[in-house]
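1. need a structure here:
(one chain, ligands or ions: 2)
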Amino acid sequence: MLPFIYDFMQDELKEIISPTFRVKQIWNWIYHKYIDDFEEMGNIPKDLKQQLKEKFALKPLEIVASQKSIDGSIKYLFRLHDGHTVEAVLLQMKDEEYHEDGALKHQKRYTVCISSQVGCKVGCAFCLTAKGGFVRNLSAGEIVAQLLMIKKVNEIAANRRVNIVYMGMGEPLDNLDNVVKAIKIFSDKDGMAISPNRQTLSTSGLSSKIEKLGRLDLGINLAISLHAVDDELREKLMPINKAYNIASIMDAVRNFPVNARKRVMFEYLVIKDVNDDVASAKKLLSLLNGIKAKVNLIYFNPYGGTEFQRPTPESMQNFQEYLVKRGQLCTIRESKGLDISAACGQLREQKDIS
Ligand code: SAH
Ligand code: SF4
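-> Ligands and ions are numbered 1, 2, ... in the order given. Sure thing, here's the model as predicted:
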């Protein structure tokens, strides 16, 4: 099978395609005009088009289902070339806003949540993605193409501001090389030009890989899926904690290079009667001591067959209040769209496709 052209960084393509200035033109067709047929690349000579067709494949993904939530967020189920499926979500963070004189203050803001693997090895007890086990890593191109496809079908102009969160299916640090490559392809100024400081990688806490990612110093934002404040509970919820305990994660976070204007995000999935007590909030606060952190409380999103329950709004508020009163930035993720995104794996489940 031919490799997908999205798997390559510009420099790599320049070693394969000549003359090299054609690469920028091809990138313009692919990443700015969303063209996925070499024939439609108007300014590319015929013989080069032929060579491209012989060397590279396009169209790595096909949309098999989509689901719109009331706030306008849209979740997509993509089929890969080998028949497996992954999810990605387009979140509309903010509608466009206008000044009193009618001038545009800012345009609509988008965030896209993308997957890094088919399934996941980490096996968290609360996660639907984990239920299907691990199938395979996504290639860099398959990661890149999720956003590209979403921009294309929603006619989001190339120059519109889009943020990326690696919070879909899979553990991105378990597929570090391909994810790093995708981060670089996304940020290339001649392509989608999404700077790493608009990309956030969420991890279940593979401490050694957090250290490795930090040493690469890409400028990417980090989110830690903490979910529990003591090792005993965290091991039950997230078996990975046996290999990388909470202390090791905190050490890795302390060494991680964080942009001066940014914070490390700590995601805390709140599950009724499991981790929703104020004593946990207290422990969390002491764990975060000295770290420039932002806590994001997530409502557990139940699905058929799970033993876990959604927490009450009161317990969420109490938890948040405890932290905020003591100066810790903390938000509650409550929008419907974010709700579906936090439960990646659910559309795939409904369609009963793996
Ligand atoms: N593997 C990475 C990134 C993907 S999971 C990680 O775990 O961080 C993205 C987020 O969705 C994680 O914080 C995860 O805990 C959360 N999540 C998983 N199942 C969920 C559910 N049923 N309801 C709400 N959030 C869930
Ligand atoms: Fe994997 Fe993240 Fe799900 Fe855990 S929560 S099983 S790490 S995708």
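
2. which one's the longest strand in the protein?
-> Identified as the longest strand of the chain according to DSSP state E is strand 85-94.

3. close to ligand 2, is it?
-> No - residues of strand 85-94 contacting ligand 2 under C-beta under 6 Å from any ligand atom: none, with a closest distance of 11.0 Å. C-betas here are computed from N, CA, C, even on glycine.

4. what do you get for stretch 271-284?
-> No - contact of stretch 271-284 with ligand 2 (C-beta under 6 Å from any ligand atom) is absent, the minimum separation being 12.5 Å.

5. contacts for that stretch, please.
-> Outside stretch 271-284, the residues that touch it by C-beta atoms under 8 Å, 6 or more residues apart in numbering are 126, 226-230, 233, 237, 266, 268-270, 295, 300, 308-312, 315-316, 318-319, 322-323.

6. of these, list those near ligand 2.
-> Okay, of the contacts of stretch 271-284, nothing touches ligand 2 (C-beta under 6 Å from any ligand atom).

7. can I get the helix or strand residue 163 falls within in CSV? Just the C-alpha atoms.
-> In this structure, residue 163 sits in strand 162-166 according to DSSP states H and E. Taking C-alpha atoms only, strand 162-166 is exported to CSV below (Å, rounded to 0.1, in the frame of the first residue of the first chain):
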residue,chain,number,x,y,z
VAL,A,162,-8.5,26.2,15.7
ASN,A,163,-7.1,24.5,18.9
ILE,A,164,-6.3,20.9,19.1
VAL,A,165,-6.7,18.6,22.1
TYR,A,166,-5.3,15.0,22.0
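
8. can you give me the buried ones in the next helix-or-strand element following that strand?
-> Counting by DSSP H and E, the next helix or strand C-terminal to strand 162-166 is helix 176-187. If you call a residue buried by 16 or more other C-beta atoms under 10 Å, then helix 176-187 has these buried ones: 176, 178-187.

9. low pLDDT regions in the stretch 1-150 of the chain?
-> 94-96, 104, 106-107 (pLDDT under 70).

10. try 90 this time
-> Within the stretch 1-150 of the chain, the stretches with pLDDT under 90 are 1, 68-73, 91-109, 128-132.

11. quick one: name the residues of it near ligand 1.
-> 126-128.

12. could you export these as CSV, including distance to residue 44?
-> Putting these into CSV (distance: C-beta to C-beta, whole Å) gives the following:
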residue, distance to residue 44
126, 49
127, 44
128, 43
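
13. can you put the residues you listed in CSV and add neighbour count, secondary structure and distance to residue 169?
-> Below are these laid out as CSV (neighbours: other C-beta atoms under 10 Å; DSSP: H, G, I helix; E, B strand; the rest coil; distance: C-beta to C-beta, whole Å):
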residue, neighbour count, secondary structure, distance to residue 169
126, 19, coil, 14
127, 21, coil, 9
128, 21, helix, 9
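
14. distance from stretch 236-247 to the middle of the chain?
-> In terms of C-alpha atoms, centre = their mean, to the nearest Å, the centre of stretch 236-247 is set 21 Å apart from its chain centre.

15. that stretch: which residues count as buried?
-> Applying 16+ other C-beta under 10 Å to stretch 236-247 flags 237-241, 244-246 as buried.

16. again with stretch 91-102
-> Neighbour count says stretch 91-102 has 91-93 buried, by 16+ other C-beta under 10 Å.

17. strands of the stretch 151-300 of the chain, start to end?
-> Using DSSP state E, counting those that start in this stretch, the strands of the stretch 151-300 of the chain run over 162-166, 199-203, 221-225, 264-270, 293-299.

18. I'd like these laid out as CSV, including distance to residue 61 and mean neighbour count.
-> As requested, these are exported to CSV (distance: least, C-beta to C-beta, whole Å; neighbours: other C-beta atoms under 10 Å):
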stretch, distance to residue 61, mean neighbour count
strand 162-166, 16, 22
strand 199-203, 19, 23
strand 221-225, 24, 22
strand 264-270, 27, 22
strand 293-299, 27, 22
